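>>> okay, predicted coordinates and the sequence, questions at the end:
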Amino acid sequence: MSTHKNLIKFIGYSYNRTYDNLPKGWKVLIESENLVDNLSGFSAVAFINENTKQIIIANKGAAFDFNDLKGIYQDIHLWVDIYNKNIPMQFTNGVIPFIKALQANLLNGGSGYVYINIGHSSGSILSDLSTLYLKKMGYDSCSITYENPGSKPILEHYAKALGLSVQKLKDGYIAINAEVTLLNTMHDHHGTVARLASNYEEGASLLSFLGIVLKDIGAATNIVYGVYNIYASVGKQLKDKAHKTKNNTDNSINKSEIIKLVLPRVAEVGDKTIEFEKAYYLHKFDNIVQMIEECGEGDPDRDCHLPNLLILPDENYYV
């Protein structure tokens with residue numbers, strides 16, 4: 001079993017908050033819900049292993065739970081911050097107080113511990129920022145993320161505020177992403193990026209099937225447009241010769257222009273529909289877990305050059 005098959009289970013705990021099958025030697029240190037003023041929507045769980053002197057901070061990604069309208073607003077706000085390359089409010093108002101709170105629970109503020117920050121989706125950005133923050137404080141820290149949208153411009157922004165050079169701190173940042181999609185290439189990446197073998201099947205979902213249908217319709221309408229354009233051109237020439245009124249000629253041109261603008265766009269809409277559905281499918285946490293589980297023993301990126309400070313045994317890790 002690869003290290004990532006073990007490591008990603010900690011992110012699963014941040015989503016479902018059930019700890020019945022924690023790895024040997026690990027226990028929950030603090031949850032984000034323990035913070036008194038956690039109003040940003042930040043959600044994470046910190047785990048501690050006192051034997052190996054390690055702390056794992058598992059950052060939950062945006063869930064978009066439609067039963068929680070406030071949570072949806074907070075998730076959208078986080079993604080808007082990421083898209084605009086801003087340091088997210090969830091980091092400044094959530095992550096930093098969370099780290100301070102967990103260190104307050106430790107002897108000497110957790111001195112001597114290694115911090116392993118992990119995250120999925122938007123939680124990846126918080127994980128990368130947390131690592132930079134902890135490195136600034138002098139702690140050994142790394143960030144292992146899954147379906148990272150790309151954190152480089154945001155890290156550069158934060159590093160500048162801290163008086164650091166992010167280019168000199170590339171070690172210990174690893175993104176494990178699905179194949180290239182619009183969601184995991186929103187920005188440039190910092191550190192190492194490994195790609196998982198895709199399990200996506202085009203046409204398997206209703207939305208993807210609709211995209212294929214639109215592409216086919218688009219291809220057909222391109223032919224229709226070509227025929228109509230010839231017809232309109234010939235018709236216009238005949239009308240001009242017959243000295244038809246200007247209004248009639250303009251009507252013919254307007255119809256042609258409408259077809260030219262609308263019909264060929266159908267195929268483009270189909271392509272975009274498939275592109276979006278594929279990105280969403282591959283981005284989901286459950287599918288990332290499945291792709292990691294399906295990684296073969298011969299996969300060269302299976303353990304993705306994990307930093308030496310990460311100590312997670314491959315075998316017999318779970319009781």
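Happy to help now that I have it.

>>> what's the closest non-adjacent residue to P97?
In this structure, P97 finds its nearest non-sequential neighbour in L35, 5.9 Å apart by Cβ to Cβ, 6 or more residues apart in numbering. In short, each C-beta sits where N, CA and C put it, glycine included.

>>> same question but for M89, I mixed them up
Once flanking residues are discounted, M89 sits nearest to S40: 5.4 Å by Cβ to Cβ, 6+ apart.

>>> which of the three states applies to the residue nearest to D75 when sequence neighbours are not counted?
In space, and not counting its chain neighbours, D75 is closest to A62: 3.7 Å by Cβ to Cβ, 6+ apart. Counting by DSSP: H, G, I helix; E, B strand; the rest coil, the backbone at A62 sits in coil.

>>> in this structure, where is pLDDT below threshold?
Along the chain, the model assigns pLDDT under 70 to residues 1-2, 36-38, 63-66, 199-272, 274, 295-319.

>>> still on that earlier bit, show me the contacts for the residue nearest to P97.
When contacts are counted by Cβ atoms under 8 Å, 6 or more residues apart in numbering, L35 touches G94, P97, F98, A101.

>>> before we move on, back to that, the residue nearest to M89: neighbouring residues, count only.
S40 is flanked by 20 other residues according to other Cβ atoms under 10 Å.

>>> burial check on the residue nearest to D75, number of neighbours?
If you count neighbours by other Cβ under 10 Å, A62 ends up with 21.

>>> wait, isn't it in contact with S124?
No: between A62 and S124 there is no contact under Cβ atoms under 8 Å: 10.8 Å.

>>> returning to that earlier point: pipe the contacts of L35 into JSON lines and attach secondary structure per row.
Formatted as JSON lines, these follow (three-state DSSP):
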{"residue": "G94", "secondary structure": "helix"}
{"residue": "P97", "secondary structure": "helix"}
{"residue": "F98", "secondary structure": "helix"}
{"residue": "A101", "secondary structure": "helix"}
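
>>> nearest to A44, of these?
Nearest to A44 among the contacts of L35, counting by Cβ to Cβ, is F98 at 6.2 Å.

>>> what number of residues lie near that closest one?
When neighbours are defined as other Cβ under 10 Å, F98 has 26 of them.

>>> contact partners for it?
I30, S32, L35, N38, F42, A44, A46, I57.

>>> from G41, how far out is it?
Distance, F98 to G41, using Cβ to Cβ, to the nearest Å: 12 Å.

>>> shared neighbours of the two, which are they?
Common neighbours of F98 and G41 are not found (criterion: Cβ under 8 Å, 6+ apart).

>>> ranges for the strands of this structure?
Counting by DSSP state E, the segments of the chain that form strands are 27-31, 44-49, 54-59, 114-120, 140-146, 173-177, 192-195.

>>> what pairs with the fifth one, parallel or antiparallel?
Sheet pairing here is set by DSSP bridges, and for strand 140-146 it gives strand 114-120 (parallel), strand 173-177 (parallel).

>>> ditto for the first one
If you go by DSSP bridges, strand 27-31 pairs up with strand 44-49 (antiparallel).

>>> thank you, goodbye.
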